[in-house]
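> kindly generate the corresponding structure for this input.
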Amino acid sequence: MSKRGFTLVELLVATIVFLVGFVAVFGLFLGGMRMRKLAEDTTRSSLAASCLIDEIRIDAGGGASTGPGIPMPPKSYVGDGFAVTSEMDGDGAGTGGLGLPLYAYKPVPGVWYRVMKCTDLEDDPNNAQTTVLKLDLLVVPFGTADETMSLGDLDRRLGLLSELPTAQRRAASPDQLAARLIQRGLGFRFVAVVTRRPSWMPPSR
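Numbers count the residues shown, from 1 in each chain. Predicted coordinates for the structure are as follows:
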């Protein structure tokens, strides 16, 4: 009966086989963790978007803060989605993409949002008489202790436009930044149609 042990070559082969198997299993584990995080972010973002759209729908029938009989144009919903407090800046022109704020959605902690664009069904942002609003909503699940957040803050932390020269980064449009967030799986975009019941219109009989 032979009492020969393992040779060095056999040990090396066994070690290599073990390492290859371990790396493959570890890669599957990391992939599963990434997919779990993406699924969780997608669920939280979808829930926040659904609730936000319902809240905007309820609020959208009111008139302007200057008078209850004055209709608000769709562009006044850009920003936080509520015409009484939103930025009144249409598509954010003049503020620069990096300077545009995101808004914390407090019922779902760690979720930020922004109404990027709001028009009627014919893409007119100034038609105050429309009863239908088409919302372009950006939702970003990003846990932070900060009380305020902007697209520029996300760019600095995540390097969304890091490959661009400084001048081009400063001139980046909100849509460019949103597209980078979505491309990396860090943000979600929702398009919704909201029918508002305007307070300025006579009640139906």
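> only C-alpha atoms for contact and neighbour calcs from this point on.
Fine.
> the most centrally placed residue in the chain in helix, strand or coil?
Nearest to the mean C-alpha position of the chain, by CA atoms, centre = their mean, lies V139 at 2.4 Å. Secondary structure, DSSP: H, G, I helix; E, B strand; the rest coil: V139 is strand.
> is it true that it touches T43?
No. Judged on CA atoms under 8 Å, V139 makes no contact with T43 at a distance of 11.4 Å.
> show me the shaky parts of the chain.
1-6, 61-69, 84-97, 198-205 (pLDDT under 70).
> now do the contacts for G143.
Neighbouring residues of G143 by CA atoms under 8 Å, 6 or more residues apart in numbering: 109-111.
> now go through these and say which are in strands.
Judged by DSSP state E, the contacts of G143 include V111 as members of strands.
> all helices of the protein, in order?
Shown for the chain, the helices assigned by DSSP state H span residues 8-59, 151-158, 166-170, 174-183.
> winner for burial among those?
Across the helices of the chain, averaging neighbours per residue (mean count of other CA atoms under 10 Å) puts helix 174-183 on top, at a mean of 17.
> may I have the residues that are in contact with the nearest residue to I182 once chain neighbours are set aside?
In space, and not counting its chain neighbours, I182 is closest to F188: 5.7 Å by CA to CA, 6 or more residues apart in numbering. By CA under 8 Å, 6+ apart, the residues touching F188 are 42, 45, 138-140, 181-182.
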